[in-house]
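Undergrad: Sequence plus predicted model, see below.
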Amino acid sequence: MALTKSEIVTSVHDLGFTKKKSVEVIESLLEIIKRTLESSEDVLISGFGKFCVKDKAKRRGRNPATGEDLMLRGRRVVTFKCSGKLRQKIDGLEYSE
């Protein structure tokens, strides 16, 4: 199951913040991340990972229902690359620097 924004707010609340302040902190953090990515800048969170905006070129695709060929427009996508520390935690290994 996925971790929800509500669960993150509850975790921050458990640290001793009021519920209202917890919501404000999480909403502000997410807004900062969104604004930064909108302006095509990367978001680097040390020990966690890096969010990047990449441009994808237009490409040929196919409608799976009809089999009709079509051109898909170019678009911007957000990618995430986790840090070495996070990768090792996920793999169940100790991080050594």
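TA: That came through, no problem.
Undergrad: all strands of this structure, in order?
TA: Remark: strands assigned in the chain by DSSP state E are 43-45, 49-56, 59-62, 69-72, 75-82.
Undergrad: And the helix ranked longest in the chain, how far out from the chain middle?
TA: In the chain, with assignment by DSSP state H, the single longest helix is helix 19-38. On the basis of Cα atoms, centre = their mean, to the nearest Å, helix 19-38 sits 13 Å off its chain's mean C-alpha point.
Undergrad: next one: stretch 65-85
TA: Counting by Cα atoms, centre = their mean, stretch 65-85 comes out at 15 Å from the chain centroid.
Undergrad: Give me the residues contacting that stretch.
TA: Residues from elsewhere that reach stretch 65-85 (Cβ atoms under 8 Å, 6 or more residues apart in numbering): 37, 40, 46-63, 90, 95. C-beta coordinates here come from the backbone N, C-alpha and C atoms, glycine included.
Undergrad: Out of the strands of the chain, which gets nearest to residue 10?
TA: With Cβ to Cβ, the closest approach to residue 10 among the strands of the chain belongs to strand 43-45: 20.7 Å.
Undergrad: Can you list the strands that that closest one pairs with?
TA: According to DSSP bridges, strand 43-45 forms sheet pairs with strand 49-56 (antiparallel).
Undergrad: For the partner strand, C-alpha coordinates in CSV please.
TA: Presented in CSV, the C-alpha positions along strand 49-56 are these (Å, rounded to 0.1, in the frame of the first residue of the first chain):
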residue,chain,number,x,y,z
GLY,A,49,17.3,11.4,-4.1
LYS,A,50,16.9,13.8,-6.9
PHE,A,51,13.8,14.8,-8.9
CYS,A,52,14.5,16.0,-12.4
VAL,A,53,12.4,17.3,-15.2
LYS,A,54,13.2,15.8,-18.6
ASP,A,55,12.0,16.6,-22.1
LYS,A,56,10.6,13.7,-24.1
